[in-house]
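J.: Kindly return the folded structure for what I paste below:
(chains A and B)
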Amino acid sequence: MKREISYAHMRRIAPKAAAYVVVLAFVIFEVFPVYWMISTSFKSRWDAFRLPPVWFFKPTLEHYFTILSGKGWSSTPITPLLINSIIVAGSSSVLALLCGSLGAYGLSRFPTRYGKHLAMWILSTRMFPPVAVAIPVFLMMSNLGLIDTYWALIIPYSAFNISFVVWMMRSFFDQIPVELEQAAMIDGCSRLGAFFRIVLPLTLPGLVATGVFVLIFSWNEFLFALILTRTAAKTAPVAIADFVTLYGIQWGQLTAYATLISAPIIILGLLFQRYIVKGLTLGAVQ
Amino acid sequence: MSVVTTTVDVTRRVRREPLEWRPLLLSLPAIAILLVMVLYPTIFAVWTALHQYNPMLPDMDRFIGLGNFEHAFGDRIFLDTVLRTAVFVVVAVTVEFVLGLGLAIVVFYLIAHGSTLVRLALTIPMIMPPIAIGLVWRWLFDGQFGLINYAMKLIGLPPQIWLGNTTTAMGAVIMVEVWQWMPFVFLCLYAGLASLPSEPIQAARVDGAGPFQLLWYVVLPMLKPIILVVLLFRIIDCMRVFDIVYVLTEGGPSNGTVVYPFLIYMQGFRYFNVGYAAALSWILVVFVSILAGTLIRMLLKSSAAVAKAGGGE
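T.: Model prediction:
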């Protein structure tokens, strides 16, 4: 199939060579800023500002030590921020996975007409612009006294992720034969028991992929973290945004920050690359 | 064996029972969270939107009916922001789409080796924290030490204060958006190309179609549903752009990069015009709902049409 069209092109080698050059240019364009972020973070403060840029330099960890020890200009150690990010992203992912998988299982196993509408309604929340509920959610959280607590972020993040979880998990559940749970239920398992003991372990790879996707979203989220936290529950992206606007010149430390919060995401994302597009489109593109 | 049949009946027979309540019951936790965090706040925002409410001013919480909406549509800043957001969405999505489609076609049909590597590399921008992206681009666009100005000097062009000039700042925001999401278009359309059936293409080739005719008359029409999915997500997501603007330009210079979500944020959380910000939120919700609804209807229609055409082969 791939060959069908390309044969017509491959009569001459020139378009093919041109194609490689164009694609290479795009890849460099897409990857270079990431490389630049990482390499700046390992440059000494003198090398970072040197123009023409130094491509080969003696890497240093000074910026990482500075920000981890809290001795930087920000004077806030990054560790508590990272811990907040981990707690918030982790808990909201677990909550979204739990609630979303249950719903997805129900929608997958008991097809009903209202179930279809329900699934579409859940899908429609993916279209919903979160910024539109920023004001009322802020007022709600203030009234409940939850501002600057983990819950203030965990609940909204779960909500924004449930549409992904329901739609991705539903497609995974659809692939598991019903007979397996039925056998378990004959052996005395309850419906929920069959779900937790048979179905969920079988969809584990899908569950993990969905979890990674949700984790990336929660880890990266900025707007709600910005408005709903102050100091105690502040997440890493908010702190970076503060620092970049206040101290826009400390590029060594800033890029070290950015690298620290990006690295885990990049690694996870590359490992689960084939699920990212599926997740982003709620399964519309495989 | 008879036991198995009964169990099948229990799960499969839907018609007999008056209402199959299990999907609803199992979805309840999910529905509850969505009600609390999406539906309830949206309805609550109506109430706020009908008030002039500023928590920073004493006694500033009074019912003004549609006053906030009237104010918005007569407000220069609001109208400018709507226009600016429209320009941002149209330009960014168009550029992303054209580049992503072109790249998908080139990689799929012309690159024999390394396409997996290309897809891996292009996954990185999409998943990076937008805050980190904004930061590194701010560093690249830096007037004094930025690499972009250095490159400009190398090719003999005058350096620019990229983020300090309204036009170039908006261009910078669009460029970063394109940088981050062009790969999404590419990956979706690449997956789409890989999923196309080969028979229609072979048939057209036998009939003597050239590569461009093949693309235009055979491949693109079959890709239409995926193209619509991609456009749907890109348009909807572009309309919520916030993080990159916040880090890259903070809405400046002189409000030149204030896009709609940023306006809501400024009104609500900087000027504390909470009622007005709620009204702005509602305008956005209504607009996005109509837009998404239209796009989804187009999508369903074209998927049905493609499925029908495919079935007729």
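J.: Select the longest helix from chain A.
T.: Counting residues, the longest helix found in chain A (DSSP state H) is helix A:78-109.
J.: what's downstream of it, the next helix or strand?
T.: Using DSSP states H and E, the helix or strand that follows helix A:78-109 in sequence is helix A:113-127.
J.: So is that following helix next to chain B?
T.: Yes. For helix A:113-127 and chain B, the contact criterion (CB under 8 Å from any CB of the partner chain) is met by A:114-115, A:118, A:122, A:124-125, A:127. Any C-beta I mention is one placed from the backbone N, CA and C, and that applies to glycine too.
J.: Now a ChimeraX select for only the buried ones of those residues.
T.: Only the buried entries of the residues of helix A:113-127 next to chain B go into this ChimeraX selection, using 16 or more other CB atoms under 10 Å in any protein chain shown:
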select /A:115,118,122,124,125,127
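J.: the strands in the chain, which residues?
T.: Here I'm looking at chain A. Taking DSSP state E as the criterion, chain A contains no strands.
J.: hmm, I had chain B in mind actually
T.: B:51-53, B:61-63.
J.: In a markdown table, list the ones you listed along with mean neighbour count and distance to chain A.
T.: Listed next are the strands of chain B as a markdown table, based on neighbours: other CB atoms under 10 Å in any protein chain shown; distance: least, CB to the nearest CB, whole Å:
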| stretch | mean neighbour count | distance to chain A |
| --- | --- | --- |
| strand B:51-53 | 20 | 9 |
| strand B:61-63 | 12 | 12 |
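J.: Going by mean pLDDT, which of those strands comes out lowest?
T.: When these are ranked by mean pLDDT, strand B:61-63 comes last with a mean of 86.
J.: just checking, what packs against that one?
T.: Judged by 3 or more CB pairs under 8 Å, 6 or more residues apart in numbering or on different chains; DSSP states H and E, strand B:61-63 is in contact with strand B:51-53.
J.: for the strand it packs on, packing partners?
T.: Contacts defined by 3+ CB pairs under 8 Å, 6+ apart place strand B:51-53 against strand B:61-63, helix B:67-73, helix B:274-312.
J.: got a pLDDT number for the residue nearest the centre of chain A?
T.: The residue lying closest to the centre of chain A (CA atoms, centre = their mean) is residue A:216, at 1.5 Å. We have a pLDDT of 95 for residue A:216.
J.: who's in contact with stretch B:252-266?
T.: Stretch B:252-266 is contacted by residues A:129, A:131-132, A:134-135, A:223, A:227, B:77-78, B:80-82, B:84-85, B:88, B:163-167, B:169-170, B:173, B:239-242, B:245-246, B:248-249, B:251, B:277, B:280-281, B:284 when judged by CB atoms under 8 Å, 6 or more residues apart in numbering or on different chains.
J.: Out of those, which end up buried?
T.: Buried members of the contacts of stretch B:252-266, counted by 16+ other CB under 10 Å: A:129, A:131-132, A:134-135, A:223, A:227, B:78, B:81-82, B:84-85, B:88, B:163, B:169-170, B:173, B:239-242, B:245-246, B:248-249, B:251, B:277, B:280-281, B:284.
J.: Quick one: closest of the helices and strands packed on strand B:51-53 to residue A:169.
T.: Across the helices and strands packed on strand B:51-53, residue A:169 has its closest neighbour in helix B:274-312 (21.4 Å, CB to CB).
J.: The closest one close to chain A?
T.: Yes. Judged by CB under 8 Å from any CB, helix B:274-312 comes into contact with chain A through B:274, B:277-278, B:281-282, B:284-285, B:288-289, B:292.
J.: And stretch B:231-241, by the same measure?
T.: Yes. Residues of stretch B:231-241 contacting chain A under CB under 8 Å from any CB: B:233, B:236, B:239-240.
J.: Which ones among these lie within helices?
T.: Filtering the residues of stretch B:231-241 next to chain A for helices - DSSP H - leaves B:233, B:236.
J.: remind me which residues of the stretch 1-150 of chain A are low pLDDT?
T.: A:1-12, A:72-75 (pLDDT under 70).
J.: Smallest gap between it and chain B, at which residue?
T.: Closest to chain B within the stretch 1-150 of chain A is residue A:106: 3.0 Å, counting by CB to the nearest CB.
J.: What residues does that residue make contact with?
T.: With contact taken as CB under 8 Å, 6+ apart, residue A:106 is in contact with A:115, B:22-27.
J.: Now list the buried members of those.
T.: By 16+ other CB under 10 Å, the contacts of residue A:106 give A:115, B:22-24, B:26-27 as buried.
J.: Neighbours of residue A:43, how many?
T.: When neighbours are counted by other CB atoms under 10 Å in any protein chain shown, residue A:43 registers 22.
J.: Give me the distance between it and residue B:216.
T.: Per CB to CB, to the nearest Å, residue A:43 is found 49 Å from residue B:216.
J.: Over to residue B:72?
T.: According to CB to CB, residue B:72 and residue B:216 sit 43 Å apart.
J.: Please identify which of these two sits among more neighbours.
T.: Between residue B:72 and residue B:216, residue B:72 has the larger neighbour count (other CB under 10 Å), namely 22 against 12.
J.: ok, of the buried ones among the contacts of residue A:106, which one's closest to residue B:44?
T.: Among the buried ones among the contacts of residue A:106, and counting by CB to CB, the member closest to residue B:44 is residue B:27, at 22.7 Å.
J.: does that closest one really touch residue A:107, like I thought?
T.: Yes. Counting by CB atoms under 8 Å, residue A:107 is a contact partner of residue B:27 at 6.7 Å.
J.: Look up the residues that both of these two are in contact with.
T.: Applying CB under 8 Å, 6+ apart, one finds that residue B:27 and residue A:107 are jointly contacted by A:118, A:166.
J.: domain ranges for chain A?
T.: Chain A breaks down into these domains under automatic domain parsing: A:2-63, A:78-280.
J.: is it possible to export the ones you listed to a markdown table including distance to residue B:183?
T.: Below are the domains of chain A laid out as a markdown table (distance: least, CB to CB, whole Å):
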| stretch | distance to residue B:183 |
| --- | --- |
| domain A:2-63 | 6 |
| domain A:78-280 | 9 |
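J.: okay, these, which one's buried deepest?
T.: Greatest average neighbour count among these goes to domain A:78-280 (a mean of 20), per mean count of other CB atoms under 10 Å in any protein chain shown.
J.: Quick check: end-to-end length of it?
T.: Terminal residues of domain A:78-280 are spaced 30 Å apart (CA to CA, to the nearest Å).
J.: and what of stretch B:194-204?
T.: Stretch B:194-204 end-to-end distance (CA to CA) = 18 Å.
J.: Can you list the buried residues in it?
T.: Under the neighbour-count criterion of 16+ other CB under 10 Å, stretch B:194-204 has B:196, B:200-201, B:204 buried.
J.: For residue B:275, give me the pLDDT.
T.: For residue B:275, the predicted pLDDT is 93.
J.: Residue B:166 now?
T.: For residue B:166, the pLDDT comes out at 89.
J.: need the contact list for residue B:38.
T.: Neighbouring residues of residue B:38 by CB under 8 Å, 6+ apart: A:125, A:128, A:133, A:159.
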